[in-house]
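J.: Here is the input, now give the coordinates:
(4 chains)
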2 protein chains.
Amino acid sequence: MEVYKNQKKQFYVENYSIAHLFSFHVEMEVHEYGRDEWIIQEGMRPHYLFYVLEGKAKIYVTHQNGKVSLINFINENEYIGEMELLNDVYYTKGIQATTKTICFAIPYHRYRNQLLDDNKFLRELTKFLSLKATFMAAKYSQSLAFPLENRLADFILQTADEGLYKEKHVTVCDYLGVSYRHLLHVLTQFCEKQFLQKEGRNYRIIQPQSLHELAGALRNG
Amino acid sequence: MEVYKNQKKQFYVENYSIAHLFSFHVEMEVHEYGRDEWIIQEGMRPHYLFYVLEGKAKIYVTHQNGKVSLINFINENEYIGEMELLNDVYYTKGIQATTKTICFAIPYHRYRNQLLDDNKFLRELTKFLSLKATFMAAKYSQSLAFPLENRLADFILQTADEGLYKEKHVTVCDYLGVSYRHLLHVLTQFCEKQFLQKEGRNYRIIQPQSLHELAGALRNG
DNA sequence: TAATGAATATGAGATATCTCATATTTTCGA
DNA sequence: TCGAAAATATGAGATATCTCATATTCATTA
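T.: Take a look at the predicted model:
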């Protein structure tokens, strides 16, 4: 982890300003986390509210039976640590940078009360949280109502880059909550059905409409 | 649905005041919904923000494949319709009263802007939403990481009334996302293992500690 | 009170998904 | 550059869960 100083810091403060999210001046730090580095350790309360400027991260939770769930991805322009800002009692999930990640870090001890009094900030945060809650509810009900086939089709379409799917299997297992073996099994089926075609370690989408059909089943009414 | 008037209305306005949740005066209606009545219809935008005073309700969503998910229960002192207040685009879930339910109903058209400008209100709402998001995330990851056995044990302990479990099977299936057949199967296992004992259509808990062990596996850390 | 629909119940076979064992390939630090 | 760790790959058997078929009991209402 690196805390930017001087010109480096200045660059982000000037070019990525999020002053419009607050109605008062907030003096923030700029942190950089390397790929795979932990921004917040599971079970440990963070000291900052983060706002992601560049990069992406993953939210992990470890269960007692040893299984690990990748609860969600965090992208640019999203908050990290907002749960701890709001709730005194909260089991902190682990947040790991997927790529190099640069974020603003707002120290709780200094700004907590001011933030909670700031209408502008709260309004944005409320929207963010409502979307988060909705998203989790959707994922939850989908995970129970549909087999991997549908959820994987959706995930492939969402993460593919120019028609090429190249996610790490292990990450996907944690995210979709299935075993490595089963994921490979369904991927093989997709290839047999000619929805995908292997290209080295990646998979090329050759029948997007079939995947769209499978993924479409997840959508409501 | 009945809209209370005069003394009936007065009674709730005076005895269940939620004035402390706002920093301005809100003129609200008092609605009563009968058991099994729909407070909000799936797919239809509501016109009110509700606050439950008495009774409880269920949030349902219907999937394209016909499966129905009971996303969550709503209890006294919780909001209904807050998602629609915050987000212009939102797929509205169905809300059904489980028992007779009485709630305050705050008309959007009149108060929407004022509510979103009210710091007191937003702060509470933010907390409510953060808990909701956290809860859904927990349920989601648990549903993927644990078999029904553990989740059902937890559910039984949470809903049992004086050691007697008497939920409707169909409701539980929708909530835990499993088939009727499988739910019965696991319940039978619990009886065979002497965790539960059937009493008519209900089940008496006779080995709470065994259930607590199963349920405890869901907890973090 | 009869009739109808909801809720409970149970069996049997199918399928989705898991666990474990093991092999190969790739990546990356010492 | 070598070796360890990570990622990919595949087989085989086990188990969790689903679907469908069919009864029985209970509650509600015409």
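
J.: Is any residue of the helix or strand harbouring A:Ile59 near DNA strand C?
T.: According to DSSP states H and E, A:Ile59 maps onto strand A:57-62. No. Strand A:57-62 lies out of reach of DNA strand C by C-beta under 7 Å from any atom of the strand, never closer than 14.6 Å. For every residue, glycine as well, the C-beta is placed using N, CA and C.

J.: So in that sheet, which strands flank that strand, and in what orientation?
T.: Sheet pairing of strand A:57-62 (DSSP bridges) gives strand A:68-74 (antiparallel), strand A:94-97 (antiparallel).

J.: Using the neighbour-count criterion, name the buried positions in the longest one.
T.: If I follow you right, that is strand A:68-74. Of the residues in strand A:68-74, A:68-72, A:74 count as buried by neighbour count, 16 or more other C-beta atoms under 10 Å in any protein chain shown.

J.: residue ranges for the helices of chain A, please.
T.: A:6-15, A:82-86, A:108-117, A:119-145, A:148-159, A:169-176, A:180-192, A:208-216 (DSSP state H).

J.: what about those helices, which gets the closest to B:His182?
T.: Counting by C-beta to C-beta, B:His182 lies closest to helix A:119-145 out of these; the figure is 12.0 Å.

J.: Next, the contact list for A:Arg199, please.
T.: Slight slip there: residue A:199 is Glu, not Arg. Residues in contact with A:Glu199, defined by C-beta atoms under 8 Å, 6 or more residues apart in numbering or on different chains, are A:Leu164.

J.: And it, how far from A:Arg112?
T.: Distance from A:Glu199 to A:Arg112, counting by C-beta to C-beta, to the nearest Å: 50 Å.

J.: try A:Gln207
T.: Relative to A:Arg112, and taking C-beta to C-beta, A:Gln207 is found at 52 Å.

J.: Got the domain ranges for chain A?
T.: Split into domains by automatic domain parsing, chain A comes to A:2-121, A:144-216.

J.: Endpoints of the longest one, how far apart?
T.: With C-alpha to C-alpha, to the nearest Å as the measure, domain A:2-121 spans 27 Å from end to end.

J.: from memory A:Cys191 sits against A:Arg204, does it?
T.: No. In this structure A:Cys191 lies outside contact range of A:Arg204 using C-beta atoms under 8 Å: 10.0 Å.

J.: Please enumerate the shared neighbours of those two.
T.: With C-beta under 8 Å, 6+ apart as the test, A:Cys191 and A:Arg204 both reach A:197-198.

J.: What pLDDT is listed against the spatially most central residue of chain A?
T.: The residue lying closest to the centre of chain A (C-alpha atoms, centre = their mean) is A:Phe73, at 1.5 Å. Looking at A:Phe73, its pLDDT is 94.

J.: ditto for the one 3 residues further on
T.: pLDDT recorded at A:Glu76 is 96.

J.: Not counting sequence-adjacent ones, nearest residue to it?
T.: A:Val52 (5.3 Å; C-beta to C-beta, 6 or more residues apart in numbering or on different chains).

J.: Please tabulate the strands paired with strand A:57-62 in CSV, including the columns distance to DNA strand C.
T.: Output for those, formatted as CSV (distance: least, C-beta to the nearest atom of the strand, whole Å):
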stretch, distance to DNA strand C
strand A:68-74, 11
strand A:94-97, 15
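
J.: Could you pull up the residues touching A:His25?
T.: A:His25 is in contact with A:Ala19, counting by C-beta under 8 Å, 6+ apart.

J.: let's go with 10 Å and repeat that
T.: By C-beta atoms under 10 Å, 6 or more residues apart in numbering or on different chains, A:His25 lies in contact with A:19, A:114.

J.: Show the model's pLDDT score for it.
T.: For A:His25, pLDDT reads 97.

J.: Equivalent analysis for A:Thr171, please.
T.: The model's pLDDT for A:Thr171 equals 96.

J.: roughly how far apart are it and DNA strand C?
T.: For A:Thr171, the distance to DNA strand C equals 14 Å [C-beta to the nearest atom of the strand, to the nearest Å].

J.: pretty sure that residue is in contact with A:Lys56, am I right?
T.: No. The pair A:Thr171 / A:Lys56 is not scored as a contact, 11.8 Å apart, by C-beta atoms under 10 Å.

J.: Find residues that contact each of the two.
T.: With C-beta under 10 Å, 6+ apart, A:Thr171 and A:Lys56 have common neighbours A:73, A:98.

J.: Show me which residues of chain A sit near DNA strand D.
T.: A:168-170, A:180-181, A:184, A:188, A:198, A:201.

J.: 6 Å instead?
T.: A:168-170, A:181, A:184, A:201 (C-beta under 6 Å from any atom of the strand).

J.: Might you report the residue contacts of the closest residue to DNA strand D within chain A?
T.: Of all residues in chain A, A:His169 sits closest to DNA strand D, with a separation of 3.5 Å (C-beta to the nearest atom of the strand). By C-beta under 10 Å, 6+ apart, the residues touching A:His169 are A:180, A:183-184, A:187, A:201.

J.: 8 Å - rerun?
T.: A:His169 neighbours (C-beta under 8 Å, 6+ apart): A:180, A:183-184.

J.: Mind listing the residues bridging to the residue nearest to A:Ile18 when sequence neighbours are not counted?
T.: Closest residue to A:Ile18 apart from its sequence neighbours, by C-beta to C-beta, 6+ apart: A:Tyr51 at 5.9 Å. When bridges are called by DSSP bridges, A:Tyr51 pairs up with A:Tyr79, A:Phe104.

J.: looking at it, A:Gly177 is touching A:Leu144, isn't it?
T.: No. Contact criterion C-beta under 8 Å: A:Gly177 and A:Leu144 do not qualify, at 10.6 Å.

J.: I'd like the average pLDDT over stretch A:121-141.
T.: So the average pLDDT for stretch A:121-141 ends up being 95.

J.: Can you mark which positions in that stretch are buried?
T.: In stretch A:121-141, counting by 16+ other C-beta under 10 Å, buried: A:121-126, A:128-134, A:136-141.
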